[in-house]
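Chemist: coords please:
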Amino acid sequence: MPMRTAGPAWVHAICVFLALALSPVFAASPAAAPDDRPHLSSDPRVNRARAMIEGGRFVEALQVLRPLVPEDPDRPDAPDHPDRTDVLFLVGLAALGAAQLPEAGEREQAGFLDEAVAALHAILVDRPDLVRVRLELARAFFLKGDDSLSREHFGRVLAGGPPLAMAANIRRHLESIRARRRWSGRFGATLAPDSNLNAASDAGVIRLYGLPFRRDSDAGARSGLGMVLWGGGEYRHPLSGRLRLRVGADAARREYGGSEFDGTFLSAHAGPHWPVGRAAEIGVLGSVRRRFSGGEPHSRESGVRLEATRRFGGQVAGNGRASWHRRDHDRDRHLDGSRTALSLGVLWRATPTAQAEAAAGYSAERTRAEVWRNAGRWARLGVTLSLRRGWTAGADAEFARTDYEGNWAPFVAGGGARKDETRILRVSAFHRAFTVSGFSPRLVLVHEDRRSNAQLYDYRRRRAELQFVRQF
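Modeler: Sure thing, here's the model as predicted:
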């Protein structure tokens, strides 16, 4: 069975898709900060509250502003009151100021910061281009100690080309975040229907040594609805100067109703981490991993990885990773061996509402059985756009090629090495106004197509994932 390569129509479709996705990025002009000049509202209460904020009377201003906030302002069909943005922004400013008053207790401070975040987020649902609003939201997360979201929004503000003084202040905040960061955590859940859980080929007849054989009817693709849960945490302990010790662990569980496709992944890592200048960081980590498949032990790994990140100005950030691990299987001992992986990535925030990511990598597996040894290359390109009316949309395309060693006869016609090409296309969308405890449900559609010159190793696969994206 000869391997089918990417035809002109497939390449053209991907190019057109990426061009359409990227067109708003290049067409958009850098978002400017909203007009900060004093102006009068049609409602004298709003103007009175503004004067109170300027005079440092933040709690009194909140008492005036709270009755003016539209009910359920995150609703997409909320009425467009002429002062809605002004009122919500002033609520955010007043709550931020009240949270920093010396007399504010810990509980009061937390309440004020939550109020500021909710008000500022409500504005950005419809107007994600307002840089000043995003700056205040970043400050609110900074005061809450939520460094990951604070860093994200500060980065978007820098992408808008703020004045030099503002940019310098943002970089001081980013430096403080890097210096104080100790604990970090992550978790998530995904509903994941899958049309081809076993990655089975749709070929009905195969040829072995020139003779045709019809496959069993139950050997084809098997679909299912499952859930994936994952989480992890890390602690960075100061050692000396800027040097820190990173210690962390991760876990993931894939559940498809007690089937053979269930899986569990556990890992732990530890090692030194230190900054290089003001814009780069390097970490060297020893790691161990354990996998279970279908309720049975599958494999264990141990090795080392090197990680590096660097910011290039306010709009571009790069990252790199190199790792080597030794893998030992509990049953498939012929797959025992080492795995080496290298990757480089870049994130470009073109504007506060548009970003593009590109990554490429190489991997090699040296298994005990020669026929399973392989080397692979992959590349990925994606864009994410924060649109008006509350929608955030993303898309990415990935291409990978894997070349195996050894003779794959009779699966490869005429004998020879196996070669695979995999193409993956993902599209995603979520509405920023729909949140549950700060999380928004995001729908991700995935189409995966692997073409191989080895019979039974090509397949098509479609997945839909309902993820939950943290916003505040």
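Chemist: neighbours of Ala400, how many?
Modeler: 17 (other CB atoms under 10 Å). To be clear about C-beta, it is placed using only N, CA and C from the backbone, and glycine gets the same treatment.
Chemist: is it in contact with Gly376, as I believe?
Modeler: Yes: contact criterion CB atoms under 8 Å: Ala400 and Gly376 qualify, at 6.1 Å.
Chemist: let me see the ranges of the strands in the stretch 351-472 of the chain.
Modeler: For the stretch 351-472 of the chain, the strands defined by DSSP state E, counting those that start in this stretch cover 354-367, 374-386, 391-404, 419-431, 439-452, 459-470.
Chemist: need those in TSV (columns: distance to Thr190 and mean pLDDT).
Modeler: Shown next, in TSV, are those (distance: least, CB to CB, whole Å; pLDDT from 0 to 100):
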stretch	distance to Thr190	mean pLDDT
strand 354-367	20	97
strand 374-386	18	97
strand 391-404	15	97
strand 419-431	12	96
strand 439-452	8	92
strand 459-470	5	85
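Chemist: between those, which one is closest to Glu106.
Modeler: In this view, the strands of the stretch 351-472 of the chain are compared for proximity to Glu106 by CB to CB, and strand 459-470 is the closest at 23.1 Å.
Chemist: for Arg244, pull up the helix or strand it's in.
Modeler: In this assignment (DSSP states H and E), Arg244 forms part of strand 243-255.
Chemist: right, I mislabeled it, should have said Leu143
Modeler: Going by DSSP H and E, Leu143 is in helix 131-144.
Chemist: just checking, what packs against that helix?
Modeler: Contacts defined by 3 or more CB pairs under 8 Å, 6 or more residues apart in numbering; DSSP states H and E place helix 131-144 against helix 84-99, helix 106-126, helix 147-159, helix 164-180.
Chemist: closest one to Val316 among those?
Modeler: Once those are compared by CB to CB, helix 147-159 is nearest, at 9.4 Å.
Chemist: tell me what the helix or strand following the strand holding Arg244 is packed against?
Modeler: Where DSSP H and E defines the elements, the next helix or strand beyond strand 243-255 is strand 263-276. Applying 3+ CB pairs under 8 Å, 6+ apart, one finds that strand 263-276 contacts strand 243-255, strand 280-293, strand 296-312.
Chemist: contact partners of the helix holding Leu143?
Modeler: 31-34, 36, 89, 92-93, 96, 99-100, 109-110, 113, 116-117, 120-121, 123-124, 127-128, 147, 149-150, 153-154, 156-157, 160, 162, 166, 170, 173, 176-177, 352, 472 (CB atoms under 8 Å, 6 or more residues apart in numbering).
Chemist: pull out the buried residues from these.
Modeler: Among the contacts of helix 131-144, those scoring as buried are 31, 33, 89, 92-93, 96, 99, 109, 113, 116-117, 120-121, 123-124, 127-128, 147, 149-150, 153-154, 156-157, 160, 162, 166, 170, 173, 177, 352, 472 (criterion: 16 or more other CB atoms under 10 Å).
Chemist: buried residues in the one helix or strand Arg48 maps to?
Modeler: For Arg48, the host element (DSSP H and E) is helix 44-54. Neighbour-count burial for helix 44-54, counted by 16+ other CB under 10 Å, picks out 46-47, 49-50, 52-53.
Chemist: can you check stretch 291-303 too?
Modeler: Within stretch 291-303, the residues scored as buried using 16+ other CB under 10 Å are 291-293, 298-301, 303.
Chemist: make JSON lines out of those and add distance to Ser259 and pLDDT.
Modeler: JSON lines is the format used below for those (distance: CB to CB, whole Å; pLDDT from 0 to 100):
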{"residue": "Arg291", "distance to Ser259": "16", "pLDDT": "96"}
{"residue": "Phe292", "distance to Ser259": "13", "pLDDT": "95"}
{"residue": "Ser293", "distance to Ser259": "11", "pLDDT": "91"}
{"residue": "His298", "distance to Ser259": "15", "pLDDT": "94"}
{"residue": "Ser299", "distance to Ser259": "19", "pLDDT": "96"}
{"residue": "Arg300", "distance to Ser259": "23", "pLDDT": "96"}
{"residue": "Glu301", "distance to Ser259": "24", "pLDDT": "97"}
{"residue": "Gly303", "distance to Ser259": "30", "pLDDT": "98"}
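Chemist: pick out the most distant pair among those residues.
Modeler: Of all pairs drawn from those, the one with the longest distance (CB to CB) is Ser293 and Gly303, at 20.1 Å.
Chemist: for the nearest residue to Trp372 once chain neighbours are set aside, grab the count of nearby residues.
Modeler: Setting aside the residues directly before and after it, Trp372 is nearest to Leu335 in space (CB to CB, 6 or more residues apart in numbering), at 6.0 Å. Applying other CB under 10 Å, we find 15 residues neighbouring Leu335.
Chemist: CA atoms of the helix holding Leu143 as CSV?
Modeler: In CSV, the C-alpha atoms belonging to helix 131-144 read as follows (Å, rounded to 0.1, in the frame of the first residue of the first chain):
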residue,chain,number,x,y,z
VAL,A,131,-5.7,48.3,27.0
ARG,A,132,-6.3,50.5,30.1
VAL,A,133,-9.0,48.2,31.4
ARG,A,134,-6.8,45.2,30.9
LEU,A,135,-3.9,46.9,32.7
GLU,A,136,-6.2,47.5,35.8
LEU,A,137,-7.3,43.8,35.6
ALA,A,138,-3.6,42.7,35.5
ARG,A,139,-3.0,44.9,38.6
ALA,A,140,-6.0,43.3,40.4
PHE,A,141,-4.7,39.8,39.7
PHE,A,142,-1.2,41.0,40.9
LEU,A,143,-2.7,42.2,44.2
LYS,A,144,-4.6,38.9,44.6
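Chemist: tilt between it and helix 147-159?
Modeler: 160 degrees (axes from the mean of the first three to the mean of the last three CA atoms, to 10 degrees).
Chemist: give the helix, strand or coil label for the spatially closest residue to Leu456 that is not a sequence neighbour.
Modeler: Sequence neighbours aside, Ser201 is the residue nearest to Leu456 in space, at 4.7 Å (criterion: CB to CB, 6+ apart). Applying DSSP: H, G, I helix; E, B strand; the rest coil to Ser201 yields a three-state assignment of coil.
Chemist: relative to Asn196, how far out is Gly263?
Modeler: Per CB to CB, to the nearest Å, Gly263 is found 16 Å from Asn196.
Chemist: ok, how many other residues are close to the residue nearest to Leu456?
Modeler: Quick note: Ser201 (other CB under 10 Å) scores 22 neighbours.
Chemist: got a list of what Tyr256 touches?
Modeler: Counting by CB under 8 Å, 6+ apart, Tyr256 has contacts 197, 224-226, 262.
Chemist: can you pull the poorly scored residue ranges out of the stretch 201-350 of the chain?
Modeler: Along the stretch 201-350 of the chain, the parts satisfying pLDDT under 70 run over 203-220, 258.
Chemist: Thr353 and Thr384 touch, don't they?
Modeler: No: shown here, Thr353 and Thr384 do not form a contact pair, counting by CB under 8 Å, at 9.2 Å.
Chemist: so those two - more neighbours on which side?
Modeler: Set Thr353 next to Thr384 and count neighbours by other CB under 10 Å: Thr353 wins out with 26 against 19.
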